[in-house]
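Student: I'd like to go over a predicted model; first the sequence, then the structure.
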Amino acid sequence: MKRRRALASGLLLAGALRPDARAGDELLLRWSPQMGPRATFRGVLNKDSAGMGAGQFLYPAPNVAGFFAAILAHAAVNSAARDAQMLKLQTNADRVLEPYSAAIDGLAADDLLTRTRTALLPQGLVIRRGWVNANLELTPIFLMTQDRRAVLLDVAAQFHDGASGAPRQLGMRVVSTPRGTFSAEEDEWANAEGHALKQVCVDLLTLAVRHMLDHVDPDRAPAATSVERTVRFAEGGTQRMERSRVLEQHCGRALLLTLSNTLMSVPLLHPPAPGQECPAAMPSPQVATGR
């Protein structure tokens, strides 16, 4: 009965991930109470019009706690944290979503969570010993670039290892690999059934969960370079920059630890080296047509 109640509010990642996993090693993956019946989608703001630097997050914050609070405020309906000017800018930015309204309406939250769990299983995600009845609670917001070539995921998360008292707050942005140019007739994301756009969202969530769990596990977390540097990456057809420490660089993507201690997974401006073996699960909207 206890297990059935847990499944009602989230999804368990357990024994199938590791042959010797015990019941206590299960990880409950779930949405936060702020999550509605459908995924939240926004258009990426024109950062110059919003008075923000080109490399800044939509949620400028000095640390993870600030990032976490900002995402929760943005996810709330009619949030008082957003003043009239910002609301006007966001309304204008959201017009980019109009061709995708039918597809976005079909992004049911429960289906996204189920598909993300299914995508994580074959990756051999290891639940660390000592994570007794651990859970990861997610609050995601998806954003589309104004050129409609990329989707961004901003996700606030709370991780509880089941042992320590207070949950650990995490923040991450994942930027999809930009798709090529296209005509309105060739835009697979606008398909009313939403298969292609849904797959992009699942890919981004899967990558975010994997990186965040690695980040909280000292045995698996990649070591940051000691030197901060400016990393240039693609956000749709636009070049962006982020001052950060590089945690990982592989297959044309980089995992960054920003100055506000949030994670970013971004596509670099240069493609992977010839002959480099890259997993098919990397977020690549050009081929994301599966169900």
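Tutor: All right, it came through fine.
Student: CA atoms for contacts and neighbours, from now on please.
Tutor: Fine.
Student: Neighbouring strands of the lengthiest strand in the chain in the sheet, and parallel or not?
Tutor: In terms of residue count, the longest strand belonging to the chain (DSSP state E) is strand 238-250. Sheet neighbours of strand 238-250, with direction, are listed as strand 229-235 (antiparallel), strand 253-258 (antiparallel) (DSSP bridges).
Student: Compare those and report which one is nearest to residue 166.
Tutor: Closest approach to residue 166 among those (C-alpha to C-alpha): strand 253-258, 22.4 Å.
Student: mean confidence for the closest one?
Tutor: Across strand 253-258, pLDDT averages out at 93.
Student: and if you look at stretch 144-163?
Tutor: Mean predicted lDDT for stretch 144-163 stands at 91.
Student: for it, which positions count as buried?
Tutor: 144-146, 148-162 (16 or more other C-alpha atoms under 10 Å).
Student: Equivalent analysis for stretch 111-124, please.
Tutor: Neighbour count says stretch 111-124 has 112-117, 119-121 buried, by 16+ other C-alpha under 10 Å.
Student: what's the lowest-pLDDT member of those residues?
Tutor: pLDDT across the buried residues of stretch 111-124 is lowest for residue 121, at 79.
Student: which stretches of the stretch 51-200 of the chain form helices?
Tutor: Along the stretch 51-200 of the chain, counting by DSSP state H, counting those that start in this stretch, helices occupy 64-75, 84-93, 101-105, 109-120, 195-216.
Student: Quick one: closest of the ones you listed to residue 42.
Tutor: Closest approach to residue 42 among these is made by helix 84-93 (7.5 Å; C-alpha to C-alpha).
Student: Test my guess that residue 144 contacts residue 45.
Tutor: No. Using C-alpha atoms under 8 Å as the test, residue 144 is too far from residue 45 to be in contact (9.3 Å).
Student: ok so, going back, measure how far the direction of the longest strand of the chain deviates from that of helix 195-216, in degrees.
Tutor: 50 degrees (axes from the mean of the first three to the mean of the last three C-alpha atoms, to 10 degrees).
Student: And the average pLDDT for strand 238-250 is what?
Tutor: Mean predicted confidence for strand 238-250 is 92.
Student: which of the residues in stretch 28-39 are buried?
Tutor: So stretch 28-39, judged by 16+ other C-alpha under 10 Å, has buried residues 28-32, 35-36, 39.
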